[in-house]
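**Student:** predicted coordinates and the sequence they were generated for:
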Amino acid sequence: MSNLRPQIITTRKVLTSLIAPEGARTAAMVGTSQWGPIDTVTEVSTLSNYISIFGDESTAGLTGIKGANQFFNNGGTLKFVRVTDGTEDKAEYMALSTATEVINFIAKYDGTYGNNIYITIEANSTSRNIIVTDGNSREYFSNNGLGYATNEAIETAINAGSNLVTAVVETGQESINLADALVSTQLTGGLDGATTISTTILTTAFDDLLMDEEFNFLLFPGETTDAFYNTMSGKLDNRATSDKAYSRLIGGIAKDETYTTASARTSSGKRLTIVAPNIVATNRYSNSEEILDGSYLACAYTGTLCALDVEVSGTHETVTVEGLSVLESSGKTYYNKNEQNQLLNASIAPITLIGSSLQMVRGITRFSDQTSVYFEEVVNDIVDYVQGELETYLQTVIGKPNTTSNRSAYASELNARLTTFQGQGVIDEYTESSVVAGTSPDIINATVGIKPAYSTNFVLLTININ
């Protein structure tokens, strides 16, 4: 029966974790939110930091907060890009002088979060004070206690100092018909836009905003199709070749996708990892349990990778999520060992219960040759890291005289850097660098040899019984 007894009903929403957010690597994420700048790269380091900029969960099922929630439960730093489909809108309120419209207060950003903003106009003799609040922060504009005597002065003060709204004075109302006093009144009309964003918008965001950004992993919460993964891994390959910028896409299987259909996926590439299965999560708005597709498990796994040093494999590393869901319809939670092996043979990276925690069975990429070193995601990342660092150094020698002494100095510097990598455990060993004159007087040939720090996947245990 219904509980009619008056009581306090409290809901706790955790905005932090005991996971250290700082790590050796960073991720970029493209998704939707209810607040914040659109088509802008914004770096965030914690969930509370994300929410302060982009808002929390809403009934619309926005992808950004769901992905960020999973990511920050595991640690890392995130570069987030908010995208929209063009149907978003800003909340606003038109202040009056009697019946005349004089100042429109408009939310700083598009989105439903703008509907949380309240405007108060205090009468101060022949001037006005303005209060703007979203329930978390309160902005008070009083002109040092004198108030503002014209609508134009109010507009100037708001636009110079508010993080929540902008003000627009109606034409001709700048210095007449001062806005009436107003009891705390809510802005209305804010819209987030569609939660399902076309892949064209997503790929354009990558091309225009992330192509020149530094990040190690790329995330698109809510996207699970092979066609999209092939497109994006191809873009990452081109970026690595043309811009010398190295990163991988971490994706996931579709909601309730069986291991059989997951094994039949066609996407491929050393810059792509697909994780499985789905996850159980609590909706931050409704507090109800929901099943999210594998792209959100990818966000959690990527948070784990970002908290690890580059030489540490994700294999058998713990991934923090509320729970896993292989098949929601059957209630199946974990892959058995036979299913894990089938997924690995199909280049799908499964996460399941190992011992007492949820762990990645083996961190792999979608590289087509499973005997290649690039099948291991950690080797791929190590080679990218070393290559990037050496290329950054060699960029500094361009334009310098191509002399014997300089080439010798370059070789010594390369060896010094390789020694550092070896000391960090990134590489196991290396061969002495060679820097010699090329076939043309303006060319030098630099050659290095490295043995990455391969992760241990198999242990051969022999038990002698005497």
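**Tutor:** Alright, I've got the coordinates. Values in this document were obtained by computation on a predicted structure and should not be read as measured data. Numbers count the residues shown, from 1 in each chain.
**Student:** any low-confidence regions in the stretch 301-450 of the chain?
**Tutor:** Filtered on pLDDT under 70, the stretch 301-450 of the chain yields no residues whatsoever.
**Student:** any weak-confidence spans in the stretch 1-150 of the chain?
**Tutor:** Applying pLDDT under 70 to the stretch 1-150 of the chain flags the ranges 1-23.
**Student:** would you map the strands across it?
**Tutor:** Under the criterion DSSP state E, counting those that start in this stretch, strands of the stretch 1-150 of the chain are mapped to 26-31, 41-44, 77-82, 92-97, 100-107, 118-124, 127-133, 138-141.
**Student:** mind checking the ones you listed for the one nearest to residue 222?
**Tutor:** Smallest distance to residue 222 across the strands of the stretch 1-150 of the chain (Cβ to Cβ): 7.0 Å, for strand 26-31. Every residue, glycine included, has its C-beta placed from N, CA and C.
**Student:** on that earlier part again, as JSON lines, the strands of the stretch 1-150 of the chain with distance to residue 298 would be great.
**Tutor:** Putting those into JSON lines (distance: least, Cβ to Cβ, whole Å) gives the following:
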{"stretch": "strand 26-31", "distance to residue 298": "10"}
{"stretch": "strand 41-44", "distance to residue 298": "18"}
{"stretch": "strand 77-82", "distance to residue 298": "13"}
{"stretch": "strand 92-97", "distance to residue 298": "37"}
{"stretch": "strand 100-107", "distance to residue 298": "32"}
{"stretch": "strand 118-124", "distance to residue 298": "38"}
{"stretch": "strand 127-133", "distance to residue 298": "37"}
{"stretch": "strand 138-141", "distance to residue 298": "38"}
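**Student:** of the ones you listed, which is nearest residue 270?
**Tutor:** If you check each of these against residue 270 by Cβ to Cβ, strand 26-31 wins as the nearest, at 17.8 Å.
**Student:** let me have the strands of the stretch 1-150 of the chain in TSV, extended by mean neighbour count.
**Tutor:** Shown next, in TSV, are the strands of the stretch 1-150 of the chain (neighbours: other Cβ atoms under 10 Å):
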stretch	mean neighbour count
strand 26-31	25
strand 41-44	17
strand 77-82	25
strand 92-97	18
strand 100-107	21
strand 118-124	18
strand 127-133	21
strand 138-141	15
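**Student:** wait, which of the ones you listed is closest to residue 389?
**Tutor:** It's strand 26-31; of the strands of the stretch 1-150 of the chain, that one is closest to residue 389 (Cβ to Cβ) at 15.8 Å.
**Student:** show residues contacting that closest one.
**Tutor:** For strand 26-31, contacts defined as Cβ atoms under 8 Å, 6 or more residues apart in numbering pick out 41, 62-64, 67-68, 71, 76-83, 202, 205-206, 210, 213-222, 247, 250, 299, 302-303, 306.
**Student:** swap the cut-off to 7 Å and go again
**Tutor:** Contact partners of strand 26-31, identified using Cβ atoms under 7 Å, 6 or more residues apart in numbering, comprise 63-64, 67, 71, 76-81, 83, 202, 205-206, 210, 213, 215-221, 302, 306.
**Student:** now swap in stretch 33-40 and tell me
**Tutor:** By Cβ under 7 Å, 6+ apart, the list of residues contacting stretch 33-40 reads 53-55, 58, 62, 64-65, 81-84, 109-113, 192, 205, 209.
**Student:** and those residues, which of them are in helices?
**Tutor:** 53-54, 64-65, 205 (DSSP state H).
**Student:** quick one: which of the residues you listed has the most company?
**Tutor:** Within these, most neighbours by other Cβ atoms under 10 Å means residue 64, with 27 neighbours.
**Student:** hang on, residue 310 is in a helix, isn't it?
**Tutor:** No: counting by DSSP: H, G, I helix; E, B strand; the rest coil, residue 310 falls outside a helix, being coil.
**Student:** would you agree it is in contact with residue 385?
**Tutor:** Yes: counting by Cβ atoms under 7 Å, residue 310 does reach residue 385; the two are 4.9 Å apart.
**Student:** hey, what's in contact with both of the two?
**Tutor:** residue 426.
**Student:** and the gap between residue 224 and residue 290?
**Tutor:** Per Cβ to Cβ, to the nearest Å, residue 224 is found 16 Å from residue 290.
**Student:** ok, these two, which is more surrounded?
**Tutor:** Using other Cβ under 10 Å, the more surrounded residue of residue 224 and residue 290 is residue 224, with 22 against 14.
**Student:** setting aside sequence neighbours, what's the nearest residue to the more buried one?
**Tutor:** In space, and not counting its chain neighbours, residue 224 is closest to residue 254: 4.3 Å by Cβ to Cβ, 6 or more residues apart in numbering.
**Student:** assign a three-state SS to the one you found, would you?
**Tutor:** Relying on three-state DSSP, one would call residue 254 coil.
**Student:** tell me how far it lies from residue 378.
**Tutor:** In terms of Cβ to Cβ, residue 254 sits 26 Å off from residue 378.
**Student:** who has more neighbours, these two?
**Tutor:** residue 378 (23 against 18).
**Student:** what are the buried residues along the helix or strand that the more buried one is a member of?
**Tutor:** Secondary structure from DSSP states H and E places residue 378 in helix 377-395. Using 16 or more other Cβ atoms under 10 Å as the test for burial, helix 377-395 gives 377-386, 390.
**Student:** cool, and stretch 265-272?
**Tutor:** 265, 267-272.
**Student:** for that stretch, output the C-alpha coordinates as PDB.
**Tutor:** Provided in PDB are the C-alpha atoms of stretch 265-272 (Å, rounded to 0.1, in the frame of the first residue of the first chain):
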ATOM      1  CA  ARG A 265      31.300  -8.200 -36.200                       C
ATOM      2  CA  THR A 266      33.200  -6.900 -39.200                       C
ATOM      3  CA  SER A 267      35.000  -3.800 -37.800                       C
ATOM      4  CA  SER A 268      38.700  -4.000 -37.600                       C
ATOM      5  CA  GLY A 269      41.900  -2.100 -36.900                       C
ATOM      6  CA  LYS A 270      44.700  -1.800 -34.400                       C
ATOM      7  CA  ARG A 271      43.200   1.500 -33.300                       C
ATOM      8  CA  LEU A 272      40.000   0.000 -32.200                       C
END
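**Student:** now it: average pLDDT?
**Tutor:** For stretch 265-272, the mean per-residue pLDDT is 96.
**Student:** so what touches it?
**Tutor:** Taking Cβ under 7 Å, 6+ apart as the rule, stretch 265-272 contacts 226, 229-230, 233, 236-237, 248-249, 251, 274, 365-368, 374, 380.
**Student:** quick one, which of the residues you listed are buried?
**Tutor:** 226, 229-230, 233, 236, 248-249, 251, 274, 365-367, 374, 380.
**Student:** gap between the closest residue to residue 253 other than its chain neighbours and residue 288?
**Tutor:** Counting by Cβ to Cβ, 6+ apart, residue 253 lies nearest to residue 294, which is 4.0 Å off, once chain neighbours are set aside. Counting by Cβ to Cβ, the gap from residue 294 to residue 288 is 20 Å.
**Student:** can you check residue 177 too?
**Tutor:** Residue 177 is 49 Å from residue 288, by Cβ to Cβ.
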